[in-house]
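A.B. asks: Fold the following, please.
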Amino acid sequence: MSGKSEELLHHLKSLSGPFPMWNMEQLPDQPGELFLDWLRLAVEKEVKEPHAMTLSTVDQHGYPDARVLILKHIMEDTFYFASSSNSRKGRQLKDNPRVALTLYWPSLGRQIRIRGIAQDEGDEAGAADFRKRKPGAKAAAMTERQSQLLDCEDELERSIEAQRKRLQDDPDFAAPYWRLYAVHAEEVEFWQGDTERKHLRVQYKLQDEHWQKNRLWP
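C.D. replies: From the prediction side, this is the model:
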């Protein structure tokens, strides 16, 4: 079995290109500006869900957790996402706000890694984000059962239908446990893949409130 899986994986292509050029002689002073430049190109090249990113947290036992969610907003060098504070990631963020964000766009051969501190933006910001969500997303969040064991599908459907009815009766309702988080970046790395594995890597690191730029080996 292991031999078959090794053969299967060996024949899969990776970093086949072609990839866009990256002019490293004109790097902006702040990583947020470069992030937006890369994001605009990803949108222009029709990368699927370029705002999907992996959020990595650590639990109370030191085990890492990672899951994909949506980047909601970026302002300067701060990156925003939303979640229920009752969820596993919400509890982990409360215990340890140090996080990592990762975005990867295979068709462009580009990866962005962000490390920083996540901050709860408060009641008003959480409510405003919740009200912007689609009805189905609101109803699912309002069940307050994320990551819990599901005994039967009917129970899920009944719960979601009940929350849909609640939203019809109160369209302005906002779940109090829904939070908007701001990740204040302390380190951001931009990685441009190369078909010959001579990857281009630039690291922005915050030191004494100023960003330092460093080239890294592939």
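A.B. asks: Report the contact partners of Tyr204.
C.D. replies: In this structure, Tyr204 makes contact with 30-31, 34, 185, 187-190, 211-213, judged by C-beta atoms under 8 Å, 6 or more residues apart in numbering. C-beta here means a position set from N, CA and C on the backbone, and glycine is covered the same way.
A.B. asks: From those, keep the buried residues only.
C.D. replies: Buried subset of those (neighbour count, 16 or more other C-beta atoms under 10 Å): 30-31, 34, 185, 187-190, 211.
A.B. asks: mind listing which of these are in strands?
C.D. replies: 185, 187-190, 211 (DSSP state E).
A.B. asks: Need those residues in JSON lines (columns: pLDDT and distance to Ile117).
C.D. replies: Below are these laid out as JSON lines (pLDDT from 0 to 100; distance: C-beta to C-beta, whole Å):
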{"residue": "Ala185", "pLDDT": "98", "distance to Ile117": "9"}
{"residue": "Glu187", "pLDDT": "98", "distance to Ile117": "11"}
{"residue": "Val188", "pLDDT": "98", "distance to Ile117": "13"}
{"residue": "Glu189", "pLDDT": "98", "distance to Ile117": "17"}
{"residue": "Phe190", "pLDDT": "98", "distance to Ile117": "20"}
{"residue": "Trp211", "pLDDT": "98", "distance to Ile117": "16"}
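A.B. asks: Using CSV, list the CA coordinates for stretch 207-217.
C.D. replies: The C-alpha trace of stretch 207-217 is given here as CSV (Å, rounded to 0.1, in the frame of the first residue of the first chain):
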residue,chain,number,x,y,z
GLN,A,207,11.6,45.8,14.7
ASP,A,208,11.2,48.9,16.9
GLU,A,209,8.0,49.8,15.0
HIS,A,210,9.8,49.8,11.6
TRP,A,211,9.8,47.2,9.0
GLN,A,212,13.1,45.5,8.0
LYS,A,213,13.3,43.8,4.6
ASN,A,214,15.5,40.7,4.2
ARG,A,215,16.2,38.3,1.3
LEU,A,216,16.1,34.7,2.3
TRP,A,217,17.7,31.6,0.8
